[in-house]
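K.L.:
Requesting a structural model of the entry that follows:
(one chain, ligands or ions: 1)
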Amino acid sequence: MANVDQVVSLYREPLENFPLELAADWKKRHPGKKVVGCYPVYSPVELIHAAGMLPVGVIGGGNRLEIANADSRFQSFVCSIVKSTLELGLTERLKFLDGIVFHSICDPARNLGSVFKRNFPDLMVEYIHFPQNMASPHTIDYLIAEYKRLNVSYEQLSGKKITDDALRESITLYNTQRRLVRELYTIRRETPHNLSTLECYVLTRIGTILPPEEHISILREAIPELRQRNEKPKDRIRVVLEGSFCEQPPIELLEGLEAAGCYILDDDFLIGWRWFPEDISTDGDPLRNIANAYLNHSEYSGVKHDTREQKSNHLLDKFKNTGATAVLILAAKFCEPALFDYALYKRALEKEGIPHLCLEFEEKMWIFDKARTEVETFVESMLFD
Ligand code: SF4
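P.N.:
The predicted model follows:
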């Protein structure tokens, strides 16, 4: 498929309605193939793929999903993605999944894994305990053991042995996908007038649902086209956006942020699917390489407990390296990791005199006027200062 406009108009609607319908359709067209859902933030998708299954992002229900059943299983002060994911399950929209994996990112996600296990006994529910101590010399062996445990489940589910060669092939494939997404982000960072955040988001998000080969071929056509674009830059401020690493903001909100006067040079949307800023090595033991990449060469995140470095320094580096003039914190309502991080970021940004604005969003958000007005006021305060 050519043309970025066509790709965006083809996929925007399904992404806003029910993103996983694309994966359910794929499964109908590929009977006998198995699909494993990956809850945010990061899952080692290579393990699933090397077992001959399709990993897909289960990243909430979007803002059109009515929450009618999940409220009775969770308290009201919980982020939307937890409830919408459960609602998808309870309304049988996840029936096409053969398995799903959760991780130790926060208490609500931990609980969601258990709730899934109890409510959907036919679904293989896995849970990865990511290390809480990244500095210990034993951590890498711990994580490899965790991945080996997962491989046993995936081999049972798929009926296929996960060989080192298959893992290396999957690493190579996902390296290519991640490299192309990085290229997309480079284009937006360098020429944000040529690639809107909406386009960048849709082009990235479809990679969480389509088979990687299909996504790679879409990006291989889109990137040269984007490099040819020559749009006129608008009078907007340049920002780095942080805080949307798990639950995703509604697409209309993203559009509204740009329309309110921001060029978003970098963000952490879908960060788990862009988790490695460089390729994972394919030399030697592939499981060790995947574990080592997680521990030593992955993106910083509010859900990765890395005491070796300060997250706020990463944000400051990002701010400086992109040439941004402000920071926009866009955090999901009730997301503890994002809101805890905000306290650290706020202190660091104020110390450096960096203008910033913090907004909260919900998956099920319909009215964007308030957010838009806040951003417009912020932009005006910077443009006409
Ligand atoms: S949005 Fe935040 S609180 Fe909710 S599951 Fe994700 S990380 Fe946890």
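K.L.:
who does the helix ranked longest in the chain touch, helix- and strand-wise?
P.N.:
Ranked by residue count, the top helix of the chain under DSSP state H comes out as helix 164-190. Packed against helix 164-190, as judged by 3 or more Cβ pairs under 8 Å, 6 or more residues apart in numbering; DSSP states H and E, are the following elements: helix 45-50, helix 197-205, helix 212-228, strand 262-266, helix 286-296. Using the backbone N, CA and C atoms, a C-beta is placed for each residue, glycine as well.
K.L.:
tell me the average confidence for the longest one?
P.N.:
Summarised as a single mean, pLDDT over helix 212-228 is 97.
K.L.:
if we can go back for a sec, tell me which of the helices and strands packed on helix 164-190 sits most buried.
P.N.:
helix 45-50 (a mean of 27; mean count of other Cβ atoms under 10 Å).
K.L.:
That one packs against which elements?
P.N.:
Against helix 45-50 (3+ Cβ pairs under 8 Å, 6+ apart) you get strand 35-38, strand 54-57, helix 139-158, helix 164-190, helix 286-296.
K.L.:
Outside of the first one itself, list whatever touches it.
P.N.:
Yep, that's strand 35-38 we're talking about. 20, 23, 26-27, 45, 48, 53-58, 94, 96-101, 124, 154, 157, 208, 272 (Cβ atoms under 8 Å, 6 or more residues apart in numbering).
K.L.:
Of these, select the buried ones using a ChimeraX command.
P.N.:
A single ChimeraX command selects the buried members of the contacts of strand 35-38 (16 or more other Cβ atoms under 10 Å):
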select :20,23,26,27,45,48,53,54,55,56,57,58,94,96,97,98,99,100,101,124,154,157,208,272
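K.L.:
Let me know the average pLDDT across stretch 374-385.
P.N.:
Mean predicted confidence for stretch 374-385 is 88.
K.L.:
and that stretch, which residues are buried?
P.N.:
Those would be 375, 378-379, 382, for stretch 374-385 by 16+ other Cβ under 10 Å.
K.L.:
Which residues of the stretch 1-150 of the chain lie near the ligand?
P.N.:
79, 81-82, 105-106, 108-109 (Cβ under 6 Å from any ligand atom).
K.L.:
The same query, at a cut-off of 5 Å, please.
P.N.:
79, 105-106, 108-109 (Cβ under 5 Å from any ligand atom).
K.L.:
Report how many residues lie close to the residue in the stretch 251-385 of the chain that the ligand sits nearest to.
P.N.:
Going by Cβ to the nearest ligand atom, the ligand is nearest to Cys335 of the stretch 251-385 of the chain, at 3.2 Å. When neighbours are counted by other Cβ atoms under 10 Å, Cys335 registers 27.
K.L.:
wait, doesn't it sit right on Cys79?
P.N.:
Yes - with contacts counted by Cβ atoms under 8 Å, Cys335 reaches Cys79, the gap being 5.0 Å.
K.L.:
so what sits against both of these two?
P.N.:
Shared contacts of Cys335 and Cys79, counting by Cβ under 8 Å, 6+ apart, come down to 246-247.
K.L.:
Just the closest residue of the stretch 151-300 of the chain to the ligand, please.
P.N.:
Of all residues in the stretch 151-300 of the chain, Cys246 sits closest to the ligand, at 3.1 Å by Cβ to the nearest ligand atom.
K.L.:
before we move on, what SS does that residue have?
P.N.:
Of the three states, Cys246 takes coil under DSSP: H, G, I helix; E, B strand; the rest coil.
K.L.:
What pLDDT is listed against it?
P.N.:
97.
K.L.:
pretty sure it is touching Pro108, no?
P.N.:
No - assessed by Cβ under 8 Å, Cys246 is found out of contact with Pro108, at 9.8 Å.
K.L.:
any shared contact partners between those two?
P.N.:
Cys79.
K.L.:
These two: who's more crowded?
P.N.:
Set Cys246 next to Pro108 and count neighbours by other Cβ under 10 Å: Cys246 wins out with 29 against 20.
K.L.:
Look up how far Glu221 lies from that one.
P.N.:
30 Å (Cβ to Cβ, to the nearest Å).
K.L.:
so what pLDDT did Arg17 get?
P.N.:
Just to correct that, residue 17 is Asn rather than Arg. Model confidence at Asn17 (pLDDT) stands at 87.
K.L.:
I'd like to know how many residues surround it.
P.N.:
By other Cβ under 10 Å, neighbour count at Asn17 equals 13.
K.L.:
repeat for Glu155
P.N.:
Around Glu155 there are 16 residues (other Cβ under 10 Å).
K.L.:
Going forward, count from 55.
P.N.:
Yes, from this point I'll number from 55; that puts the last item at Glu209.
K.L.:
so who does it touch?
P.N.:
Contacts of Glu209 by Cβ under 8 Å, 6+ apart are 105, 215-216.
K.L.:
Most neighbours among these, which one?
P.N.:
Ala105 (27 neighbours).
K.L.:
Over to it: give its phi and psi.
P.N.:
phi -90, psi 10 (degrees, to the nearest 10).
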